[in-house]
Each structure stands twice: as structure tokens, then as C-alpha cells.
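Undergrad: Sequence first, predicted coordinates after that:
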Amino acid sequence: MEHSGRATVASQWLRKAAELGVENIFVNLGSDHPAFMNAFAEVAANGSLPRVIVCPHEMTALSAAHGHAMTSGKLQMVLVHVDVGTQNLGGSIHDATRGRAPVIIVAGMSPVTGEPEVLGSRTEFIHYLQDVPAQADIVRQYMKWTYELRRPESAEAVLNRACIMATTEPKGPVYIQAAREVWEAPAFPSPSAAARRPAAVKPGTLSAEDCRWLLESIAGARCPVVLTSYLGRNPATVPAFARFVERTGLAVVDTNARCVNLPGNHPHFLGYSRSAIPPEADLVLVIDCDVPWLPQIGRPSTEALVVGIDIDPLKSTIGLWDFVYDHALQADTAVAIPALNQALDAYLAEQGGDELDGAEARRRWIRTLHERQAQVVPKRGPGEERVRAVLAALRRQAPDKHIVVCEAPSHTEVMPDALRMEAPGSLHHSGGSGLGWGINAALGVKLANPDHLVTAIVGDGCFMFGVPTSCYWVSRHYRIPFLTVLLNNGGWRSPSISTNLIHPDGPAKASNRYHINAGRGVRFDGVAAAAGEAATFVIDTDEVIEAVLERAIQEVRAGRSALVTVELPLVSDD
């Protein structure tokens, strides 16, 4: 039976989402969404409807939402259907969690009634098959909060709480589910829930005592180094951080960099490495970093003072996390770094100087480290020289208003090192290891930054995992053009690297057979062209790099996605 013109919970939810600042809803719809399909039309005609982005696959929906949130800082919403749609989110759930993406995932549930008098009750056989005992358990360990909306009266309150949970640091995804009858039910506006706009909890900062102690510790150190991964997730923090390291004489290493934490050409920057702590470092300051070093490769000296500053110093969503700090401080660097600069101003006013004691000596040490690095002849992996040449050319041809999304595991350190991006917010990694994120995240990044060139650099395995038919259909259908640079080595090199780390002289290496040649021979350009009418190009010699990239960028700037396949040596003899 139809309700007599009264707004449903689904339409109430959409209006409320718009009030909360949700600009886009990435959707993959199913039999549990009739209320939403009607509500889309109703709210669009009578109110403010967030833009609805239809995504043929759920991986595209959540990864695009993640990409948008990552660069805009704005709350995003994803709508999927029942248990199967939730499962299809796949590795994008892991990435959204590790990347701390503020996303509300909304899922339908099978109807719980069979009576025809109840609007939304069971009408199809799948409503029995999709009625699982604990749908939210599929994703519960990855979510900041899960909840089932059970009554129309609490709809606005539930959405308010979802907003607060997702946007409070450490940010992250939440999961809300409700049966079809609930979405179809008449809305009950809640005066108490609508009275105030929900606000994220104000992030913590360092106390005056902590700032003073840390400044004195830096002043007393000869060789202090900062290890960071995602300090620059808030781009406004980067200039403040640069000012702090310059006046204190801190060296900086990006370990598993997720963004621009310090401009790539900064004199205090030592580069990108998963485990490159100078052996003489006597103070190791770990800021916003989930994995500061790899114990089997390198760790701080036992004499070094190790201090951690993080919004989540406990890493409570990681099982075994065995990094022990001498001092661990919980703070959001977006407010902690400015607080440190203010404390430094006061400290220097007392001391009568313009930089911290010993800063010049520490800068001389950093110059020594750069000289030491320059003397090392780097060992290049297969195809690395071409990858570096392509990325260096890409940086030259797009020096301004360029955002790069990286997802090629076997080139994790090569990509940021070759690009050396300088602008805060110009380089991004998911923060996790669920592959297939890159090309889909690029859609969200471009939506959030329409005046920028957006480039996704991905491996051929990541391209396949990303359900490219879904991604490039969305790109064409919604006119979201971006550039893809596909590093094609005919397989998945990362598992061979993992194997060789454990069995450096094993039979797999001796025979060069790893059974990782999935995708060899695939016309990746044909996939992108067929699904999204993308312009396609190939780089198979170094001589064509500049010309091919120039043409591809021209296509993207003209409004058409482009795919550049970079041919590399094959990963194995499979």
C-alpha cells in the first residue's frame, strides 16, 4: 500500500544527508532500494538532492568516495544492497579503514515481513536467500560504528551519530543497515535531532608541558629525525611542519608515504623509504605513521629516544603492533604542529634567538646525509629506469594543479621518489593494501578537484582488481576525465618479491617461475576504450615518452579519459 503523500524515511535520509554537507552519493542499487529510487525523484523535484553517482560495481563506489573524502575532507555516502552488495565492497573496505576515510555506508536488508499490508514486505524469492543472521558482521571489524536503523522515529538521530562517528579523528567509515519496510515507512521528523548540526569532536593537541619537553629534547639531540607517513593528510599542516623542521634542524623521512608530508625538494627531506633510519639518529620522532620501520631491515638505536605523536597512537584496529615508544603522545597534527610552532616562538623569545639551539649543526648533519646518499649507486629493479623516466616526464608536463594517485605495490617507493611532488595534497596512496583502489579513487579525486589534472599510476594487477569496466563507464557517463598511467609487466611482481625475501636462493627464483602472469596479453587499452571511450596510448620505447604523455594530457584536458600503457620487462617465465 502507498503512503498518502507523506515523506518516507528514505527521502528524509536524503534531505538530512544534504543538510550535513553530503554532495555525492555513490550507489549500486538492488531490490531493497525501491524507497530510495522513489526518493531520488521526489527529493530532486522538491528539495536538495546530493548528486547520485551510479556505480556498476561497489568497489568503484567506495573507492571513489574514499578518493573524494581524501582530498576534500568532506563526508561521503555510499549506498549498497544487502549482504551481497556489502561483500562486493571487497578490499575497498580495508582501504577506507586504513585511509581513515569519513564515509557513511548505507545498506539495505531483506524485508522482515511477508504481509502484503506492510509496504516493502517480501515480494521476491531472494528476500529469503539474502536474509543472513548477522549482515553487519561482514564489515564490523573494519568500521568505526555499525548500527541497524530499526524505527523511523530514530532515522535523523542515527544519521547524526553516523556523521559524528565518521568525521571525528581518527576518521573512518561507518555502516548503517535497515530493512526495506523501514525505508518505506512514513518519516517522523525529530525536533531534537534536527535542532543542531552534528559536529565532530574537537581533536586533541599537545599540552604546553609536552611542547616544552619535546623542544628541549630536540635541542639536546645531535641527529634527530622525523618518520612520517600521513602528516600531510591535512594539506594546511605541511607548511607549518616545514617551518618547524627548518627552525629546529630536523631531518625527515617519509616511510610508506601516503601523501606529501614535506615538499619533495625540501633540503631537510631525506627521501622515501620503508626503513631508512640513520644509524646515528639519537632522537626518532614518529609522527602520523602506522608502520614506522621494518624490524628485520632497520630500527632505531637502543640509545635513541623514540617519541610518537599520533591521533591513534594505540593503533587499536591493528592486531599485533609491536612498536614501543619511550613517550607516546595522542594529538591531531593539524593542531599539534601549529601548537609546537607557537611554543617554539615563546621558547626562542626566552632564549633570545631565532632558531633552536644546535639547529645549524643539525643542518650540517643533514647535508652530510645527502652527500652520503649521493655516493650510493642505487640498485634498480626490472623496468625501473623506464618508470622513473615516465614519471619524471609526467611531472615536467604537469607542474601545476596536478594530483597523482599511486597504486603499484612493487614500485611503492619508486613512484613518490621519481615524482618528488611539492604541493601539499598533490600525492595520495590509499593507506592500505586492498588493491583496485587507484583508478576508482581517481574518479572521486577529480570530482572533488574539477580544475586539476588527476593521474592514477597503477600496476596491471591493480588495474584488473579495480573492475575497470565499472570505473571507465562512470568516467564517461558522468564526464569525469582522468589520466591513467598503467605500468604493465605482464603479471603481479609483488608476490615474487615477497617470495625472494624469504627464499632468496629458492627454486622459484632459480627457474623464474612464480605463477603470477595473470593478465599477460590482455588489451588493457581495449577495456578502457570499450567501457569508457578512453583515448589509449602505448609507451614501448623511451623515445616516445614525452610525445605520448603530451598527447594523453591534451585528451584529458579536453574532457576525455586517457590510458597510457607503459610496457615493462615481463615479471617471470610463466
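TA: Noted; the coordinates are in hand.
Undergrad: So Pro569 is in contact with Asn489, correct?
TA: Yes. Pro569 lies in contact with Asn489 (CB atoms under 8 Å); the separation is 6.4 Å. C-beta here means a position set from N, CA and C on the backbone, and glycine is covered the same way.
Undergrad: Mutual contacts of those two, please.
TA: Each of 382-383 lies in contact with both Pro569 and Asn489 under the rule CB atoms under 8 Å, 6 or more residues apart in numbering.
Undergrad: Ranking helices and strands of this structure by mean pLDDT, which lands last?
TA: Here the helix or strand of the chain ranked lowest by mean pLDDT, DSSP states H and E is helix 191-194, holding a mean of 66.
Undergrad: and the nearest residue to Asp131 once chain neighbours are set aside, what is it in contact with?
TA: Excluding the flanking residues, the one nearest Asp131 by CB to CB, 6 or more residues apart in numbering is Ser110, at 4.0 Å. Residues in contact with Ser110 (CB under 8 Å, 6+ apart) are 32, 82, 122, 126-128, 130-131, 179-180.
Undergrad: How many residues are close by Glu550?
TA: 11 (other CB atoms under 10 Å).
Undergrad: Helix, strand or coil: sort out it for me.
TA: Reduced to three states with DSSP: H, G, I helix; E, B strand; the rest coil, the structure at Glu550 is helix.
Undergrad: Can you check the pLDDT for it?
TA: Looking at Glu550, its pLDDT stands at 97.
Undergrad: Check whether it really touches Arg396, as I assumed.
TA: No. Contact criterion CB under 8 Å: Glu550 and Arg396 do not qualify, at 10.2 Å.
Undergrad: hmm, back to that, just read off the phi/psi values of the residue nearest to Asp131.
TA: As for Ser110, its main-chain torsions (degrees, to the nearest 10) stand at phi -60, psi 150.
Undergrad: how far away is it from Gln177?
TA: To Gln177, Ser110 is 10 Å away according to CB to CB, to the nearest Å.
Undergrad: what's the answer for Glu115, then?
TA: 22 Å.
Undergrad: who's more crowded, these two?
TA: Neighbours around Glu115 and Gln177, counted as other CB under 10 Å, are more numerous at Gln177. The numbers are 23 against 9.
Undergrad: Pull the contacting residues for the more buried one.
TA: Listed by CB under 8 Å, 6+ apart, the contact set of Gln177 reads 106-109, 135-136, 146-149.
Undergrad: Same check on Asp332?
TA: 169, 203-205, 311.
Undergrad: So among the residues you listed, which ones count as buried?
TA: Buried by 16 or more other CB atoms under 10 Å: 169, 203, 205, 311, out of those.
Undergrad: So which of those residues sit within strands?
TA: Counting by DSSP state E, no part of these is found in strands.
Undergrad: Columns pLDDT and distance to Gly264 on top of those residues, output as TSV?
TA: Putting those into TSV (pLDDT from 0 to 100; distance: CB to CB, whole Å) gives the following:
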residue	pLDDT	distance to Gly264
Glu169	93	26
Pro203	83	27
Thr205	89	28
Ile311	91	24
